[in-house]
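> Based on what follows, work out the 3D shape:
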Amino acid sequence: EVQLVESGGGLVQAGGSLRLSCAASGFTFDDYVISWFRQVPGKEREGLSCINRGDGSTYSADSVKDRFTISDDRAKGTVYLQINSLKPEDTAVYYCAADPFVYCSGPLVRENFGSWGQGTQVTVSS
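Have a look, this model is predicted:
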């Protein structure tokens with residue numbers, strides 16, 4: 001059974017940094033995509049970044065690529081999202097998602113990902 005567990009969220013002041021973690025287990029494939037999305041109540045889930053665990057290539061949305069960095073620690077089975085220069089508008093629930101049948105190379109589509117974590121809340125105070 002595929003499991004994704006996010007952690008690392010919390011309350012942080014504007015300008016600060018956070019590193020979110022997504023611990024992944026249960027995949028039978030070595031090559032799959034892990035992505036990060038976020039959602040604010042009443043709005044669509046927004047795709048942020050993704051990484052191909054097979055070749056390590058990544059993609060980040062233009063809106064966040066200057067401040068968000070996705071990385072992978074294969075030994076720990078964990079993918080990270082480093083968020084710098086946090087802004088109040090970054091306040092959201094952050095989700096990681098995974099799928100073995102997509103390739104990370106462009107804008108993320110929620111419906112393409114079959115496995116999701118429970119989310120971690122990030123709150124940025126001004």
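> Just give the closest residue to residue 45, not the sequence neighbours.
residue 39 (4.3 Å; C-beta to C-beta, 6 or more residues apart in numbering). Heads up, the C-betas are built off the backbone N, CA and C, glycines and all.
> for that neighbour, what are its contacts?
Contact analysis of residue 39 by C-beta atoms under 8 Å, 6 or more residues apart in numbering lists 45, 46, 92, 93, 95, 119.
> a markdown table for those residues, including neighbour count?
Shown next, in a markdown table, are those (neighbours: other C-beta atoms under 10 Å):
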| residue | neighbour count |
| --- | --- |
| 45 | 16 |
| 46 | 17 |
| 92 | 22 |
| 93 | 18 |
| 95 | 23 |
| 119 | 17 |
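> Relative to residue 18, which of those is nearest.
Nearest to residue 18 among these: residue 92, at 11.8 Å, using C-beta to C-beta.
> Let's test this: what are the backbone torsions at that closest one?
Backbone torsions of residue 92, given as degrees, to the nearest 10, read phi -180, psi 170.
> Likewise for residue 88?
The phi/psi pair for residue 88 (degrees, to the nearest 10) is phi -50, psi -30.
> so it makes contact with residue 16?
No: Residue 88 is beyond contact range of residue 16, at 11.5 Å (criterion: C-beta atoms under 8 Å).
> joint contacts of the two?
What both residue 88 and residue 16 touch, as defined by C-beta under 8 Å, 6+ apart, is the set residue 124.
> Of the two, which one has the most company?
residue 16 (14 against 11; other C-beta atoms under 10 Å).
> Give me the pLDDT for the more buried one.
On pLDDT, residue 16 comes in at 98.
> Then residue 28?
pLDDT, read off for residue 28, is 76.
> Where does the prediction get shaky in the protein?
Nowhere does the chain drop to pLDDT under 70.
> Do a quick rundown of the strands in it.
3-7, 10-13, 18-25, 33-39, 46-52, 58-60, 68-73, 78-83, 92-99, 115-116, 120-125 (DSSP state E).
> I am finished for the moment; much appreciated.
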